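Engineer: What would the 3D arrangement of this be:
(chains A and B)
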2 protein chains.
Amino acid sequence: MTGGFVDPRLSINQATIKYADLATALRVTAEAGVQAIGLWREPVQEVGLATAAKMLTDSGLRFTTHCRSGFFTMPEGPARRASIDDNKVAIDEAATLAAAGAEGSTAILVLVAGGLPEGDRDVVGARSRVRDAIGELAPYAKSAGVTLAIEPLHPMYASDRCVVSTLGQALDIAADFEPEVVGATVDTFHIWWDPDVLNQIARAGREGRIATYQVCDWKTPLPADVLLSRHYPGDGVIDFASLTRAVIETGYDRDIEVEIFNEEIWATDPLTAVQRTAAGFAGAVSPHLGSALPR
Amino acid sequence: MTGGFVDPRLSINQATIKYADLATALRVTAEAGVQAIGLWREPVQEVGLATAAKMLTDSGLRFTTHCRSGFFTMPEGPARRASIDDNKVAIDEAATLAAAGAEGSTAILVLVAGGLPEGDRDVVGARSRVRDAIGELAPYAKSAGVTLAIEPLHPMYASDRCVVSTLGQALDIAADFEPEVVGATVDTFHIWWDPDVLNQIARAGREGRIATYQVCDWKTPLPADVLLSRHYPGDGVIDFASLTRAVIETGYDRDIEVEIFNEEIWATDPLTAVQRTAAGFAGAVSPHLGSALPR
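Structural biologist: Numbering: from 1, shown residues only, chains lettered A, B, ... in the order given. I've put the predicted structure just below:
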C-alpha cells in the first residue's frame, strides 16, 4: 500500500537500530532513502565527536536530535556536579552535530530527568531538582544555540528513570525559560494514554515548546523488560491520526523521529529495520501530515 | 517496631490472599486481628451470595468494598448488554454483603473501566462509553444504596484494562452524578506518580468522591506480568506520608484497604500474608492517620 514511499520528514532515531555502529546507522538510513537521523551519545563518543561530525556531514543526512542527557535528580554533591558537567558536554555535542548535518538540521538535546535516588521516596523533591538542573544548564545551552527538550516518560518509568511523566508537567518546568532554550519532547509512546494529551499538545504549540515530535507504537502484553515495549508505528493501538494532527495544527513543520526500543527489531538487519520503520511511518503517520505539505 | 499492632482501620482486600477461598479469607483476616475485609466476586459466587453473606456476618468483620465490576468499553451490542446486566448483579451483591457485614460496613462497588476493544484505537470513544455505562447504572446503584467507585488504573494498563488513568479523569466522569452514587477509588499504586495527585485528592475530598482509599506499594523492576507488581506498604518507593495525609485531611474516616497482586505474596501462607500486610500498614500508613484518631 505504501509502495516504498519514504516520507521526507521521517528521521530515524539511532536507538531503533541500536546494534548498528555510527557508520552503519548513517549508511543504512541514507540507503533506505530516509533524509534525517537522530543520534545517541555512546556511538558518537565511540568514534569521537569530530569524526562523528565529519561522518554525518558526509552522509548528507539532516541531524534532528541528540539523545540523550539529563539524569539529574540526585541531591547536591559530586554525583550531581558530574551530571551537570556531563550535560554540558552533551550540549556541546548537540551543537557540533547540528552544525555538521545537512541544511534543516536542528540542535536539540533530549533530556530524561532521572528517577528517584536510591532509598528516596520524595518524588516532589526530585522534580524540583530537575527544574534546578535545567536552570543551571539553560544559560549554557542558550549560548551554544541548543534547545533542551524535556521528555516526559510514561508513568511506568516514574520511579526508576524519569520523574517527569506528563507533557503538562514538562511544560510547567519549561515555562520558566525561553522557548528556544527549553522545550519538550512529544513522544506518542509516553503520552498517548493521557486524557489531557490533545490539550497539552495544543498548549505546547502555543507556548512554542514542541522541540521534537517522536512516534512509535504501544502494544500489550508488555515484554518482561518494559523499556523494550516500543513498536513500529501502526503495529499497536496508538491513534496517530489525532496525535499527529494535533502536533501539525500547532504549526510544527520539522522532522519526525521514530525511536523504538525492541529486542526483536534490534535483532533485525538494520537496513531492513529502517525500511520497515519507513513503511510503518508512511502508513500510520504520513497520511496525517497533509496540512503542512503542499497541496 | 510495629509490635504486632493491627490498625483498626485496616481492611484486607481479598485479592491480597487470592488463593484462599472465602472461608479461609474470612478466618485468617479475623485471626490476624484485622477488623474489615473487601471481597471479590468470584470467591463469593463460588459459595453463593446468600451463603457468603451469612459467612461474612458470622466472621464479625466489616465489609469495605466489592471487587470488581466495570469492563464496559465495548460498543453497543450483546456484549455491552451482558456487561451492564452483570454490573447490576454486582451492585446487588455489594448491597447484600454490606448489609451482612458488621456495623460500619460500606456498600461500595469498585469499577474498572476496561481497555480498548480489540482492533480499536479510539481511546476517547472508549472513555465516552464508560461515562454512558455509568449513566445507565447509576439509577440502579442509587436504589440499591451502592456507591460506584471508579478506579483509575496506572497508565501502563490504559490500553488493555482501564482507559481511566488518573484521579482527575475519574472525578470528571463522576461529576455528572451524585457523590453518594458515583465516587472514585483512590489507590496509591495507580496514582502516586501523578504530578497533580495531591491536588486531585483534595478535590476528590471537596467533591465528596473518595469512596475508598486503598494502599499498596510500587517497586521496580516490574515483574514480567506487570499486573502483579504490587507490594506490601513500605516495601517500595511510594510516599505514604503525603498521600495518606492528603486523604485524611479531606475528612476521610473509613477503613483503608490493602490490595496486593503479587505471585510471591500469593504463594505465602494466607495468615502470614495478612499478618505481614498488617505490619506493613502499621509501619507505613498508620503513623499518618493521626488527625482522624482520638488524641
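Engineer: Residues of chain A that sit close to chain B?
Structural biologist: Along chain A, the residues adjacent to chain B under the rule CB under 8 Å from any CB of the partner chain are A:116, A:120-124, A:127, A:154-156, A:158-160, A:165-166, A:168-169, A:172, A:192-195, A:218-222, A:224-226, A:236-239, A:242. C-betas here are computed from N, CA, C, even on glycine.
Engineer: Whichever of those end up buried, select them in ChimeraX.
Structural biologist: Selection of buried members from those for ChimeraX, criterion 16 or more other CB atoms under 10 Å in any protein chain shown:
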select /A:116,120,121,122,123,127,154,155,156,158,159,160,165,166,168,169,192,193,194,195,218,219,220,222,226,236,237,238,239,242
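Engineer: Output stretch A:161-180 as CSV, restricted to C-alpha atoms.
Structural biologist: Taking Å, rounded to 0.1, in the frame of the first residue of the first chain, the C-alpha atoms of stretch A:161-180 are listed here in CSV:
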residue,chain,number,x,y,z
ARG,A,161,14.0,6.6,35.1
CYS,A,162,12.0,9.8,34.8
VAL,A,163,10.1,11.7,37.4
VAL,A,164,8.6,13.8,34.6
SER,A,165,5.6,11.8,33.5
THR,A,166,3.2,14.1,31.5
LEU,A,167,3.6,16.7,28.8
GLY,A,168,1.8,19.2,31.1
GLN,A,169,4.4,18.7,33.7
ALA,A,170,7.3,19.1,31.2
LEU,A,171,5.7,22.4,30.0
ASP,A,172,5.3,23.6,33.6
ILE,A,173,9.0,23.2,34.1
ALA,A,174,9.9,24.7,30.7
ALA,A,175,7.7,27.7,31.4
ASP,A,176,10.4,29.3,33.5
PHE,A,177,12.7,29.5,30.5
GLU,A,178,12.8,30.9,26.9
PRO,A,179,11.1,28.5,24.4
GLU,A,180,14.2,28.5,22.2
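Engineer: Report all helices and strands that whichever strand or helix holds residue A:45 contacts.
Structural biologist: Using DSSP states H and E, residue A:45 sits in helix A:41-47. With contacts taken as 3 or more CB pairs under 8 Å, 6 or more residues apart in numbering or on different chains; DSSP states H and E, helix A:41-47 sits against helix A:22-31, helix A:49-59, strand A:62-70, helix A:78-100.
Engineer: So for residue B:259, which of these sits nearest?
Structural biologist: Taking CB to CB, strand A:62-70 is the member of the helices and strands packed on helix A:41-47 nearest to residue B:259, at 34.1 Å.
Engineer: which stretches of chain A have low pLDDT?
Structural biologist: By pLDDT under 70, the weakly predicted segments of chain A are A:1-3, A:291-295.
Engineer: my guess is residue A:190 meets residue A:151, correct?
Structural biologist: Yes - in this structure, residue A:190 is within contact of residue A:151 by CB atoms under 8 Å, at 7.2 Å.
Engineer: neighbour count winner among the two?
Structural biologist: Shown here are residue A:190 and residue A:151; by other CB atoms under 10 Å in any protein chain shown, residue A:190 has more neighbours (28 against 25).
Engineer: got a list of what the more buried one touches?
Structural biologist: Applying CB atoms under 8 Å, 6 or more residues apart in numbering or on different chains, we find residue A:190 in contact with A:151, A:152, A:153, A:154.
Engineer: again, only this time at 6 Å
Structural biologist: The neighbourhood of residue A:190, defined by CB atoms under 6 Å, 6 or more residues apart in numbering or on different chains, consists of A:152, A:153, A:154.
Engineer: What lies in contact with stretch A:205-223?
Structural biologist: With CB under 6 Å, 6+ apart, stretch A:205-223 has contacts from A:65, A:108, A:147, A:149, A:171, A:174, A:179, A:183-189, A:204, A:229-231, A:233, A:235-238, A:247, A:250, A:252, A:256-260, A:285, B:159-160, B:226.
Engineer: just to revisit the earlier point, if you compare the helices and strands packed on helix A:41-47, which one is most tucked away?
Structural biologist: strand A:62-70 (a mean of 26; mean count of other CB atoms under 10 Å in any protein chain shown).
Engineer: Show me what it packs onto, helices and strands only.
Structural biologist: With contacts taken as 3 or more CB pairs under 6 Å, 6 or more residues apart in numbering or on different chains; DSSP states H and E, strand A:62-70 sits against strand A:36-40, helix A:78-100, strand A:108-112.
Engineer: Can I get it as CSV, trimmed to CA atoms?
Structural biologist: Taking Å, rounded to 0.1, in the frame of the first residue of the first chain, the C-alpha atoms of strand A:62-70 are listed here in CSV:
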residue,chain,number,x,y,z
ARG,A,62,19.9,16.1,8.5
PHE,A,63,20.5,15.9,12.2
THR,A,64,17.4,16.0,14.3
THR,A,65,18.2,15.3,18.0
HIS,A,66,21.0,14.2,20.2
CYS,A,67,19.9,11.5,22.7
ARG,A,68,20.3,11.8,25.5
SER,A,69,21.2,13.6,28.6
GLY,A,70,19.5,14.6,31.9
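Engineer: strands paired with it, and their directions?
Structural biologist: When pairs are called by DSSP bridges, strand A:62-70 turns out to pair with strand A:36-40 (parallel), strand A:108-112 (parallel).
Engineer: who's in contact with stretch A:225-233?
Structural biologist: Outside of stretch A:225-233, the residues that reach it under the criterion CB under 6 Å, 6+ apart are A:156, A:189, A:215-217, A:219, A:222-223, A:260-263, A:276, A:280-281, A:284-285, B:222.
Engineer: what do you get if the cut-off is 8 Å, keeping everything else the same?
Structural biologist: Outside stretch A:225-233, the residues that touch it by CB under 8 Å, 6+ apart are A:156-157, A:161, A:189, A:215-219, A:222-223, A:240, A:258-263, A:265, A:276-277, A:280-281, A:283-285, B:156, B:221-222, B:226.
Engineer: Give me the buried subset of those.
Structural biologist: A:156-157, A:161, A:189, A:215-219, A:222-223, A:240, A:258-262, A:265, A:276-277, A:280-281, A:283-285, B:156, B:222, B:226.
Engineer: Which ones among those residues lie within helices?
Structural biologist: A:189, A:240, A:265, A:276, A:277, A:280, A:281, A:283, A:284 (DSSP state H).
Engineer: Pull up the gap between the fifth one and residue B:134, please.
Structural biologist: As judged by CB to CB, to the nearest Å, residue A:277 and residue B:134 stand 41 Å apart.
Engineer: Check the offset of the one helix or strand residue A:148 maps to from the chain's centre.
Structural biologist: Assigned by DSSP H and E, residue A:148 belongs to strand A:147-150. The chain centre lies 9 Å from the centre of strand A:147-150; the measure is CA atoms, centre = their mean, to the nearest Å.
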